[in-house]
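> For reference, the sequence and a predicted model appear below.
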Amino acid sequence: MPLDRYTFATLGLETTIPAEINGRKNGVNNDPAWDASYTPCPEADALPESERGCVLRFEDWSATSIFRGTRRLLHIYVPKETGNQPGIMFFNDGTFYLSRRGPVRATNVLDNMIGKGQIKPTIAVFINPGVPDEPVKERPIESYGNIEAQRSLEYDRLTPDYGNFLFQEILPFVEEETGVTINSKPNRRIICGISSGGIAAFTAAWQHPDQCSRVISHCGSFTNIWGGHNYPAMIRSQPKKSIRVFLTSNENDADTPFGNWALANKTMANALNYAGYDYRFEFGKGGHSLNHGGSIFADSLRWLMR
């Protein structure tokens, strides 16, 4: 049920947090030592070029009416063999996951796992947040710049908008560009993201379980950026939805005016357990980063696609 305006205002959800409050500023400071023990999973090793899928690049993609007035970078990964009606995986903050030198190296993992028959053929789309043409008026904290505010608007809100963007605009574009029909079964579709991209992945599946039922959230922002801290109560008090969720967080995860990420993810895991969801929560020693998630990325795909 939508909040009435009075309740929305009383809860402070329309208030922009000052750049500095209680002597603290927003920001994430990761000590490299926290993640020193993590390395990319073995499946992240690159195959010979002849055995790899291809990656299509789209600069300044703007064919969206949902986030009108934005441009963004997209990449589409097409495996060597697509089979009949492959699944699809959406990556929020796509370039974080795409990099072949990063902590995840998602296309290498997909090449290896699809090639060995460990998962079914899956197309992947790596989506960056929009770059707005005009200043973004609404921002959760004064220190956010225009691009950060747009990312938060797309990722942190609990509305159906981002899911509609994926399923009504991105998915048809992928089918058009690849000439491949994507499998319509929700369990053949995964959404993955880190931080605000993690809560965006959960929200898209929560709002559209008929479209996608598999989620990977790395250090998800289930904090009070745009009300994400309400999810545990919503999960406990609403009928269970047909979604499977893989969560990660870490001992040294973010701690900001919006909330404490480690505590928020533990609370999410407790709520999912209470409501009887098919979920898995991996709590590591690292910081607010993809290093821990990257080290177990192949394992997370096996678990989700089992």
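Received it, and whenever you're ready, just let me know what you need.

> switch to C-alpha atoms for all contacts and neighbour counts from now on
Will do.

> Could I get the average pLDDT for the host helix or strand of His75?
For His75, the host element (DSSP states H and E) is strand 70-78. Averaging pLDDT along strand 70-78 yields 98.

> Who are the packing partners of whatever helix or strand comes next after that strand?
As assigned by DSSP H and E, the chain's next helix or strand after strand 70-78 is strand 87-92. Contacts defined by 3 or more CA pairs under 8 Å, 6 or more residues apart in numbering; DSSP states H and E place strand 87-92 against strand 122-127, strand 189-194, helix 196-207.

> can I get the ones you listed in a markdown table with mean pLDDT?
Shown next, in a markdown table, are the helices and strands packed on strand 87-92 (pLDDT from 0 to 100):
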| stretch | mean pLDDT |
| --- | --- |
| strand 122-127 | 98 |
| strand 189-194 | 98 |
| helix 196-207 | 98 |
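
> will you turn these into CSV that also has distance to Lys241 and mean neighbour count?
Output for the helices and strands packed on strand 87-92, formatted as CSV (distance: least, CA to CA, whole Å; neighbours: other CA atoms under 10 Å):
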stretch, distance to Lys241, mean neighbour count
strand 122-127, 24, 25
strand 189-194, 15, 26
helix 196-207, 7, 27
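
> closest one to Gly69 among the ones you listed?
When those are compared by CA to CA, strand 122-127 sits nearest Gly69, at 16.2 Å.

> okay, the angle between the closest one and strand 70-78?
160 degrees (axes from the mean of the first three to the mean of the last three CA atoms, to 10 degrees).

> Using PDB, write out every CA atom in strand 122-127.
What follows is strand 122-127, C-alpha atoms only, in PDB (Å, rounded to 0.1, in the frame of the first residue of the first chain):
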ATOM      1  CA  THR A 122      22.800 -17.400 -20.700                       C
ATOM      2  CA  ILE A 123      23.000 -14.000 -22.400                       C
ATOM      3  CA  ALA A 124      24.200 -11.200 -20.100                       C
ATOM      4  CA  VAL A 125      23.600  -7.500 -20.300                       C
ATOM      5  CA  PHE A 126      25.900  -5.100 -18.300                       C
ATOM      6  CA  ILE A 127      24.000  -1.900 -17.600                       C
END
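
> Redo the helices and strands packed on strand 87-92 as JSON lines? Include distance to Arg151.
Shown next, in JSON lines, are the helices and strands packed on strand 87-92 (distance: least, CA to CA, whole Å):
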{"stretch": "strand 122-127", "distance to Arg151": "11"}
{"stretch": "strand 189-194", "distance to Arg151": "12"}
{"stretch": "helix 196-207", "distance to Arg151": "8"}
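
> how about those, which one is nearest Gln168?
helix 196-207 (12.0 Å).

> How many residues are close by Ile21?
10 (other CA atoms under 10 Å).

> what's the closest non-adjacent residue to it?
Pro257 (7.6 Å; CA to CA, 6 or more residues apart in numbering).

> Tell me how many other residues crowd that neighbour.
So Pro257, with other CA under 10 Å, has 20 neighbours.

> That one and Ile127, how far apart?
Here the criterion is CA to CA, to the nearest Å. By it, Pro257 lies 27 Å from Ile127.

> same check, this time on Lys80
21 Å.
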